[in-house]
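Enquirer: following is a predicted model, sequence given first.
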Amino acid sequence: MSTNGARSRADLHIHTMASDGTAGVSQVLAAAEAQHLDVIAITDHDRIDAAQAAQAMAVARGLHVEVVVGEEISTLQGHLVALFLKERVKPLRSLRRTIAEVHEQGGIAISAHPLFPHFLCTQEGTLRSVASDRDPACRPDAIEIFNPTIFGTYPRARVQRLAAELRIPGIGASDAHVVEAIGRVWSSFPGRGAADLRTAILEGTIELGDGTDHTLMESPSIFGRQMLRNLIGLGQDLAGLARPVWSLGGARQGRDLGYPGSRQRPAVYDPRAHLREHEKERGEQR
């Protein structure tokens with residue numbers, strides 16, 4: 001880890017159109033650059049393809065921001081944010097088993113928005129159980145102690161006290177589903193890039209940076225935009241199912257997952273399409 005005293009900013013919980021976000025990968029990367037973030041994690045629900053595309057696109061464009069491949073995994077006891085993944089982790093298994101599988105591939109496991117009054121959030125008894133598991137591989141590496149969504153305000157003090165009691169590092173993250181929310185909450189860590197971030201989580205030197213909650217006026221708008229994006233995606237899915245019939249067996253096209261090549265079936269990141277998209281963007285900026 002760097003020892004020059006520098007600290008960097010990371011937003012470790014961001015969604016794209018590949019799950020229930022409303023922005024494509026290019027928009028997410030542009031927003032991360034505009035917010036002067038050093039590291040971001042794309043954490044779509046139960047998939048990593050857009051995160052892998054974002055990582056490749058950031059490198060190809062020579063961006064300052066570094067992308068970590070992540071996934072928000074739906075476990076039987078609540079959502080888990082996994083970072084530094086090489087392969088997708090399957091959903092709908094126990095939290096304990098899921099954490100172990102994240103660790104098996106060298107990943108980092110973070111309890112996402114715990115104690116929220118919602119069935120998709122890990123509650124206190126379960127979190128205490130995994131945190132004290134006899135097998136260290138089944139324990140979470142960090143807890144999300146500041147999530148700005150409307151459900152996050154009420155339990156925040158309890159979550160922060162619990163993280164301190166369990167001696168588990170706490171992070172802040174935007175849980176962004178709209179592009180303007182990216183970087184709204186962020187974490188601070190010593191060093192510069194993703195490798196230093198990983199070390200900071202494991203050594204407990206990551207800290208909550210700063211952030212603000214979504215207001216009561218903002219939250220309905222964000223939810224409405226998510227629902228509209230989902231309806232558009234559903235229409236694209238239905239069109240993709242029917243199109244082979246219309247085109248006498250032509251290649252199926254469906255939901256736009258928000259990265260170059262994502263409308264292919266199967267969806268695969270296409271560097272050539274990315275280059276064309278990037279050249280078009282640069283031309284429009286001239």
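Expert: That came in fine, so what should we check first? Quick caveat, the model's predicted, so the values are computed rather than measured. Residues are numbered from 1 along each chain as shown.
Enquirer: starting from A109, give me the distance back to the spatially closest residue to L80 that is not a sequence neighbour.
Expert: With sequence-adjacent residues excluded and distances taken as Cβ to Cβ, 6 or more residues apart in numbering, L80 is closest to I73, at 4.8 Å. In this view, the C-beta of every residue, glycine as well, is placed from N, C-alpha and C. With the distance defined as Cβ to Cβ, to the nearest Å, I73 ends up 9 Å from A109.
Enquirer: quick one on the thing from earlier: what helix or strand is the residue nearest to L80 located in?
Expert: Using DSSP states H and E, I73 sits within strand 66-75.
Enquirer: what's that strand packed up against?
Expert: strand 7-14, strand 39-42, helix 49-60, strand 78-83, helix 95-104, helix 194-203 (3 or more Cβ pairs under 8 Å, 6 or more residues apart in numbering; DSSP states H and E).
Enquirer: ranking the ones you listed by burial, who's on top?
Expert: Per-residue neighbour counts averaged over each of the helices and strands packed on strand 66-75 give the maximum for strand 39-42, namely a mean of 30 (mean count of other Cβ atoms under 10 Å).
Enquirer: pretty sure L120 is touching H79, no?
Expert: Yes - at 5.5 Å, L120 and H79 qualify as touching, with contact defined as Cβ atoms under 8 Å.
Enquirer: buried set for stretch 128-148?
Expert: Residues of stretch 128-148 classed as buried under the neighbour-count rule (16 or more other Cβ atoms under 10 Å) are 130-131, 138-148.
Enquirer: could I get the full set of strands for the stretch 101-250 of the chain?
Expert: Defined through DSSP state E, counting those that start in this stretch, the strands belonging to the stretch 101-250 of the chain, from first to last, are 108-111, 142-146, 170-172, 185-190, 207-211.
Enquirer: tabulate these (CSV), appending distance to V39 and mean pLDDT.
Expert: Written out in CSV, the entries for the strands of the stretch 101-250 of the chain read as follows (distance: least, Cβ to Cβ, whole Å; pLDDT from 0 to 100):
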stretch, distance to V39, mean pLDDT
strand 108-111, 12, 98
strand 142-146, 14, 98
strand 170-172, 12, 98
strand 185-190, 8, 98
strand 207-211, 12, 95
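Enquirer: closest to G24 out of those strands?
Expert: strand 185-190 (21.5 Å; Cβ to Cβ).
Enquirer: now do the buried residues in that closest one.
Expert: Within strand 185-190, the residues that qualify as buried are V185, W186, S187, S188, F189, P190, counting by 16+ other Cβ under 10 Å.
Enquirer: out of the residues you listed, which is nearest to L12?
Expert: Each of the buried residues of strand 185-190 was scored against L12 by Cβ to Cβ, and S187 proved nearest at 6.5 Å.
Enquirer: grab the nearest non-local neighbour of that closest one.
Expert: Nearest non-adjacent residue to S187, counting by Cβ to Cβ, 6+ apart: I171, 4.6 Å away.
Enquirer: touching, that neighbour and P140? I think so.
Expert: No - applying Cβ under 8 Å as the test, I171 and P140 come out as separate, 11.1 Å apart.
Enquirer: pLDDT below threshold where in the stretch 151-286 of the chain?
Expert: Using pLDDT under 70 as the threshold, the predicted model of the stretch 151-286 of the chain has low-confidence ranges 241-253, 286.
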